[in-house]
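In: What would the 3D arrangement of this be:
(one chain, ligands or ions: 1)
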Amino acid sequence: MAVLEIKKYPDKVLSEKTTPVNEFDSELQKLIDDMIETMYAAPGIGLAANQVGVSKRVAVIDVNATDEKSSLFVLVNPEIVHKEGANDSEEGCLSIPGYTTVIKRADEVKVEGLDRHGRPIEIEGSGLLARALQHEIDHLDGVLLIDRIGRIKREFFKKRYAKEKILSGE
Ligand code: NI
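Out: Take a look at the predicted model:
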């Protein structure tokens, strides 16, 4: 396994919709293992494949992030099939380091997809898990949290973020 480089905004791969997986081969298994290691190393509670530069519909989530893997979800070709309720909460993203913003998301979601071997799975989540599921599935659709804020906040973000990157010499 290997810790991969996490792509940062405004990398183009983050704003492109990922391609569904149809081969559950060793290459996919390696990608998933590397994504899990990269998520725990960050540390983060979720990671989408395009965040490591691979435009495939794969995400990993562990809202406990304890490295015990007891609450680890591997999602291949996930889709949200049901949403309920709404709440506002502060959210960040490994691809936009140092930035958090309040985002409105559904309280509860039901997700259908496949596991790493192509078997159908269904996950029902609420609270932080529901939020992580929506955040990662957004990534797979090429949507970042800054696409979910208002235009004025987004313009402010772009100016501020660009300035900070210049200051930090990136
Ligand atoms: Ni993210």
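
In: Spell out the secondary structure type for Val81.
Out: Under DSSP: H, G, I helix; E, B strand; the rest coil, Val81 falls in the strand class.

In: I'd say it and Val111 touch.
Out: Yes - counting by Cβ atoms under 8 Å, Val111 is a contact partner of Val81 at 6.9 Å. All C-beta spots, glycine's among them, are computed from the backbone N, C-alpha and C.

In: The two: who's more crowded?
Out: Remark: of Val81 and Val111, Val111 carries more neighbours, 24 against 11, as counted by other Cβ atoms under 10 Å.

In: Would you confirm that the more buried one belongs to a strand?
Out: Yes - with three-state DSSP as the criterion, Val111 is located in a strand.

In: Check which helices and strands the particular helix or strand that has Leu129 in it sits against.
Out: Element membership of Leu129, judged by DSSP states H and E, is helix 127-140. The helices and strands touching helix 127-140, judged by 3 or more Cβ pairs under 8 Å, 6 or more residues apart in numbering; DSSP states H and E, are strand 46-48, strand 58-61, strand 73-84, strand 87-92, strand 100-105, strand 108-114, strand 120-126.

In: Can you read off the pLDDT for the most centrally placed residue in the chain?
Out: In the chain, the residue lying closest to the centroid (Cα atoms, centre = their mean) is Glu136, at 2.9 Å. The model reports Glu136 with a pLDDT of 98.

In: doesn't Val76 make contact with it?
Out: No - in this structure, Glu136 is not within contact of Val76 by Cβ under 8 Å, at 11.9 Å.

In: Flag the shaky bits of the protein, pLDDT-wise.
Out: 65-69, 165-170 (pLDDT under 70).

In: Spell out the secondary structure type for Asn64.
Out: coil.

In: For it, give me its contacts.
Out: By Cβ atoms under 8 Å, 6 or more residues apart in numbering, the residues touching Asn64 are 45, 70-71.

In: now with 7 Å?
Out: The contact partners of Asn64, taken as Cβ atoms under 7 Å, 6 or more residues apart in numbering, are Ser71.

In: so how far is Ser71 from it?
Out: As judged by Cβ to Cβ, to the nearest Å, Asn64 and Ser71 stand 4 Å apart.

In: likewise Asp138?
Out: From Asp138 to Ser71 the distance is 21 Å (Cβ to Cβ).

In: who's more crowded, the two?
Out: Per other Cβ under 10 Å, whichever of Asp138 and Ser71 has more neighbours is Asp138, with 20 against 13.

In: Skipping its backbone neighbours, what lies nearest His82 in space?
Out: Lys110 (3.9 Å; Cβ to Cβ, 6 or more residues apart in numbering).
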